[in-house]
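1. would you be able to build a 3D model of this:
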Amino acid sequence: MDIFSIKESLHPSLYSKLNISSFRPAQEKAIKAGLLERKNILVCTPTASGKTLIAEIAMLQGIYNKIGKAVYIVPLKALASEKYDYFKEKYPDVKTALSIGDTDSSDSYLEKFDIIITVSEKLDSLIRHKAPFLRYISTVVVDEVHLLTDPGRGPTLEITLTILKQILKKAQFLALSATIGNPRELADWLGAELVTDDWRPIDLKKGIFLGGSIDFYD
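-> From the prediction side, this is the model:
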């Protein structure tokens, strides 16, 4: 899909910053599944297949069109810092915040920001402290959503998403993962359209390394 074909559907500020000429298969499928109509979408595609851009489009469309703020949930603080740097650099006109610290605070300053990058444990705390910015969220992105099944961190993420779905009736939910054992079941739970694809930018090959050389499987 050529990006020009949806130019009229994208906010001009977003269109000017995408810097691509065409969409990858997963991105095209997400658009056709209702990404720009603010439908909930679960994207289950390989690493480097373009999932982050799908989230970007949803978040920035909501922000530039003044629909509301976006929250981006990741499993690790290091990944949160990485995403924070990425969005700060790519969208300098959008106010991006990183909230991964004290879990006993409402962080009222977040009300001034457009994108809030956080981890599920911190977001759970913000919900319990009734952080003021929560009422203005229009887009929720959950990266590595397969961690719902993790015995340690999964319950917090599940509870957090359950509460968000209850208090943010009109928000768009985007869930991203490279590997999910039960994607259809999860999509139904999220009330989301399921997008799957096996395209990846570099083919994976299996082989055995022995004696200084690799024998690849056919």
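
2. CA only for contacts and neighbour counts going forward, please
-> Fine.

3. where do the strands of this protein begin and end?
-> Using DSSP state E, the strands of the chain run over 41-44, 69-74, 96-99, 115-119, 137-142, 172-177, 193-196, 207-210, 213-216.

4. chain center to the third one: distance?
-> Think strand 96-99. Between the mean C-alpha location of strand 96-99 and the chain-wide mean there is a distance of 15 Å, by C-alpha atoms, centre = their mean, to the nearest Å.

5. now do the same contact list for the most centrally placed residue in the chain.
-> Compute the mean C-alpha point of the chain, and by C-alpha atoms, centre = their mean the closest residue is residue 141, 3.6 Å away. Residue 141 is in contact with 55, 70-73, 173-176, counting by C-alpha atoms under 8 Å, 6 or more residues apart in numbering.

6. looking at those residues, which is nearest residue 184?
-> Using C-alpha to C-alpha, the shortest approach to residue 184 within the contacts of residue 141 belongs to residue 175, at 12.5 Å.

7. distance of residue 58 from residue 46?
-> Counting by C-alpha to C-alpha, to the nearest Å, the gap between residue 58 and residue 46 amounts to 20 Å.

8. which of the two has more residues huddled nearby?
-> residue 58 (25 against 18; other C-alpha atoms under 10 Å).

9. gap between the more buried one and residue 104?
-> Here the distance between residue 58 and residue 104 works out to 30 Å (C-alpha to C-alpha).

10. and for residue 78?
-> For residue 78, the distance to residue 104 (C-alpha to C-alpha) stands at 20 Å.

11. with residue 61 instead?
-> Relative to residue 104, residue 61 is positioned 32 Å away (C-alpha to C-alpha).

12. looking at these two, which has the bigger crowd around it?
-> Shown here are residue 61 and residue 104; by other C-alpha under 10 Å, residue 61 has more neighbours (24 against 11).

13. let me know the pLDDT of that one.
-> We have a pLDDT of 98 for residue 61.

14. that one: what's it in contact with?
-> Listed by C-alpha under 8 Å, 6+ apart, the contact set of residue 61 reads 10-11, 14, 36.

15. got it, and residue 165?
-> Residues in contact with residue 165 (C-alpha under 8 Å, 6+ apart) are residue 171.

16. any idea how far it is from residue 204?
-> Separation of residue 165 from residue 204 (C-alpha to C-alpha): 37 Å.

17. now swap in residue 85 and tell me
-> Between residue 85 and residue 204 the distance is 29 Å, computed by C-alpha to C-alpha.
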